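*Asks:* What follows is a predicted protein model with its sequence.
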Amino acid sequence: MASASERGSGEPSPSELGRPASAARPRPARVVRFTRTERALHWIHAAAFLVMLATGLVLYLPDLAAEIGRRNLVKNVHIWTAVAWAALIVAIVVLGDRRGLASAWREVQTIDRDDRRWLARAGRAPQGRFNAGQKLNTILTAAFAILLAVSGFFLWLGERDHTFMLDGAGTLHIALTWASIALLVGHLYLAIVHPTTRHALRGITRGTVREDWALRHHPKWKPERESR
Amino acid sequence: MDDRTIGRAAFLGLLGAGVAGLFVTRDVGNTLGRLLPDGPAFIPGSSGWRIYTIGNGLPRIDLARYRLRIDGAVERPVTLTLGDLRRLPAAEQTSDFHCVTGWSVEDVRWKGVRFADLLAIARPLPGAKSLRFVSEEVPYDDSLTLAQAAVPDAMLAYEMDGKPLSKPHGAPARVVMPRMYGYKSVKWVSRIEVRRDVVPGFWEQRGYDADAWVEKSNGIGV
């Protein structure tokens, strides 16, 4: 959606994303989208989730279980990854930019009129730093992560002491896993494949995104310019 | 309701529903499972079974050298090959399999030997009380009383769903006791010890019930 003046100027449209900037052109202005704390949280969670997903599937699917064997090793990797995940998340929250995280979390939980319109009309309403889909994804991911941790803890404890074996722990853990996979597939599609959104990947890897992209996709957001 | 509460309500609502889900009885889980096409079997690579072992990997058993020993409080201790086992009167049945952790597999076809026919060879001595099944997966074992082993659908199985028992399911021979939770159905059985007492099995030493009747033990349905 390039503006009319851009279209008439003969300059490459800013919507042609992913093009290597020519040496003659100045570097596009970039704005800060994710802080180091936010990026650390994202990638710790992503890495731990993928390890637990892989080991969890080996534990759960009979064909894989029989193929791989070594159930105890796989189980230990699964459980210790969960422990490491929880410890690292707590450490990042405690040692990182707590105020920034708290304000980001407030932002995520705020579903305003534009967000509701955006959801109802498949993306036709001005959005802030996070669009409504990203807000929902964050809320769901956070809730699923906490519930996976709690149900997983009771699966572990219930095997040791039967009084703690909760009826729904296994069912919940598995249902959340499938729901998380569905979320992840959508997230990966938008982050890697979908042409107009995949520039966001730069934000979560390097922290900054192009200002023109931010203005176009997140017009209500008032970001800070990257310090050079 | 202002803008903030919507997202917060969604988050807290999800957490609340999930925590409630922890305590919902497994019947609900099974009902949900039945609503999905073919239960969990629609998931690629899944047959509904979860293969549980207590060690790393599956025990290595050379079928040609496999022997089943029946000893303890018997008149005549015997050692059977797989061929011997297959020459005994065979029984077939279709029964459900219930795991204490909440999953079930319905309509499993088994073929094997009833314990009465096995014991007829070794002849338990007076005062014999239980059969202790010793797995090749050391140190797994579990027991059935003679009365429990005599229920009409208990057997030592060597075929499942029309095929020789596969390794993950306990090849070459496993206990099948559909009326009790799966941990009683010992896999990879290589010894049946006839005892005058009942010794706690692997999971029973960890708090699980010895009389593991489905829906009537382990805090489920009681």
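*Replies:* Now that the structure is in, tell me what you want to look at. Here the structure is a predicted model, which means the values were calculated and not measured. Numbering: from 1, shown residues only, chains lettered A, B, ... in the order given.

*Asks:* Have a look at chain B and report its longest strand.
*Replies:* strand B:104-113 (DSSP state E).

*Asks:* can you give me how far that strand is from the chain middle?
*Replies:* 11 Å (CA atoms, centre = their mean, to the nearest Å).

*Asks:* What strands line up against that strand, and which way round?
*Replies:* strand B:91-98 (antiparallel), strand B:155-160 (antiparallel) (DSSP bridges).

*Asks:* Could you say which of those strands is packed most deeply?
*Replies:* Most buried of these by mean neighbour count (mean count of other CB atoms under 10 Å in any protein chain shown) is strand B:155-160; its value is a mean of 23. Where C-beta positions appear, they are placed from N, C-alpha and C, glycine not excepted.

*Asks:* Excluding its own residues, what touches the helix or strand just after that one? List them.
*Replies:* For strand B:155-160, the following helix or strand on the C-terminal side (DSSP states H and E) is strand B:163-164. For strand B:163-164, contacts defined as CB atoms under 8 Å, 6 or more residues apart in numbering or on different chains pick out B:158, B:171, B:172.

*Asks:* Pull out the buried residues from the longest strand of chain B.
*Replies:* By neighbour count on 16 or more other CB atoms under 10 Å in any protein chain shown, the buried set for strand B:104-113 is B:104, B:105, B:108, B:110, B:111, B:112, B:113.

*Asks:* okay, those residues in JSON lines with pLDDT next?
*Replies:* As requested, these are exported to JSON lines (pLDDT from 0 to 100):
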{"residue": "B:104", "pLDDT": "83"}
{"residue": "B:105", "pLDDT": "88"}
{"residue": "B:108", "pLDDT": "95"}
{"residue": "B:110", "pLDDT": "98"}
{"residue": "B:111", "pLDDT": "97"}
{"residue": "B:112", "pLDDT": "97"}
{"residue": "B:113", "pLDDT": "98"}
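
*Asks:* now, which of these sits nearest chain A?
*Replies:* Of all those, the one with the least separation from chain A (CB to the nearest CB) is residue B:105, at 10.0 Å.

*Asks:* Would you mind listing the buried residues in stretch A:74-81?
*Replies:* Neighbour count says stretch A:74-81 has A:74, A:75, A:77, A:78, A:79, A:81 buried, by 16+ other CB under 10 Å.

*Asks:* Determine if any part of that stretch is in contact with chain B.
*Replies:* No - if you take CB under 8 Å from any CB of the partner chain as the test, stretch A:74-81 misses chain B, and the best it gets is 8.8 Å.

*Asks:* I'd like the average pLDDT over that stretch.
*Replies:* Mean per-residue pLDDT for stretch A:74-81: 94.

*Asks:* Which strands or helices does the lengthiest helix in chain B pack on?
*Replies:* In chain B, taking DSSP state H as the definition, the longest helix is helix B:3-23. Counting contacts by 3 or more CB pairs under 8 Å, 6 or more residues apart in numbering or on different chains; DSSP states H and E, helix B:3-23 is packed against helix A:98-109, helix A:132-160, helix A:169-188.

*Asks:* contacts for it?
*Replies:* Counting by CB under 8 Å, 6+ apart, A:106, A:108-113, A:115, A:135-136, A:139-140, A:142-144, A:146-147, A:150-151, A:154, A:166-169, A:171-172, A:175-176, B:1 sit against helix B:3-23.

*Asks:* Next: stretch B:148-158.
*Replies:* In contact with stretch B:148-158 (CB under 8 Å, 6+ apart) are residues B:82, B:85-86, B:91, B:93, B:95, B:110-116, B:118, B:131, B:144, B:164-165, B:170, B:172-180, B:189, B:192, B:211.

*Asks:* May I ask which helix or strand of chain B has the lowest mean pLDDT?
*Replies:* Of all helical and strand segments in chain B, the minimum by mean pLDDT, DSSP states H and E falls on helix B:26-35, at a mean of 53.

*Asks:* pLDDT score for residue B:221?
*Replies:* 66.

*Asks:* if I look at the residue positioned nearest the centre of chain A, how far off is chain B?
*Replies:* Closest residue to the average C-alpha location of chain A: residue A:42 at 6.0 Å, with CA atoms, centre = their mean. Counting by CB to the nearest CB, to the nearest Å, the separation of residue A:42 from chain B is 18 Å.

*Asks:* and residue B:168, how far is that from chain A?
*Replies:* 4 Å.

*Asks:* Help me confirm that that residue comes into contact with residue B:58.
*Replies:* Yes - with contact defined as CB atoms under 8 Å, residue B:168 reaches residue B:58; the gap is 6.3 Å.

*Asks:* With neighbour numbers in mind, choose between those two.
*Replies:* More crowded of residue B:168 and residue B:58, by other CB atoms under 10 Å in any protein chain shown: residue B:58, with 23 against 19.

*Asks:* I'd say that one and residue B:167 touch.
*Replies:* Yes - look at residue B:58 against residue B:167 with CB under 8 Å: they come within range, at 5.3 Å.

*Asks:* Can you show me the strands along chain B?
*Replies:* B:68-72, B:78-80, B:91-98, B:104-113, B:130-135, B:141-145, B:155-160, B:163-164, B:174-176, B:189-195.

*Asks:* Show me the one of those that comes nearest residue A:193.
*Replies:* Residue A:193 sits nearest to strand B:104-113 of all the strands of chain B, at 37.9 Å, using CB to CB.

*Asks:* CA atoms of the closest one as CSV?
*Replies:* What follows is strand B:104-113, C-alpha atoms only, in CSV (Å, rounded to 0.1, in the frame of the first residue of the first chain):
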residue,chain,number,x,y,z
SER,B,104,-7.6,-46.2,26.7
VAL,B,105,-7.5,-48.3,23.6
GLU,B,106,-10.7,-50.0,22.7
ASP,B,107,-11.2,-53.4,20.9
VAL,B,108,-7.8,-54.9,21.0
ARG,B,109,-7.6,-58.4,19.7
TRP,B,110,-5.5,-60.8,21.7
LYS,B,111,-4.5,-64.4,21.3
GLY,B,112,-2.7,-66.4,23.9
VAL,B,113,-2.9,-68.9,26.7
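
*Asks:* which residues touch that strand?
*Replies:* B:30, B:39, B:47-49, B:85, B:88-98, B:155-162, B:173, B:176.

*Asks:* switch to 6 Å and redo it
*Replies:* Contacts to strand B:104-113, defined as CB atoms under 6 Å, 6 or more residues apart in numbering or on different chains, come from residues B:48-49, B:88, B:90, B:92-94, B:96-98, B:155-161, B:176.

*Asks:* what is residue B:131 paired to in the beta sheet?
*Replies:* residue B:144, residue B:194.

*Asks:* If I look at it, what pLDDT would I see?
*Replies:* Reported pLDDT for residue B:131: 97.
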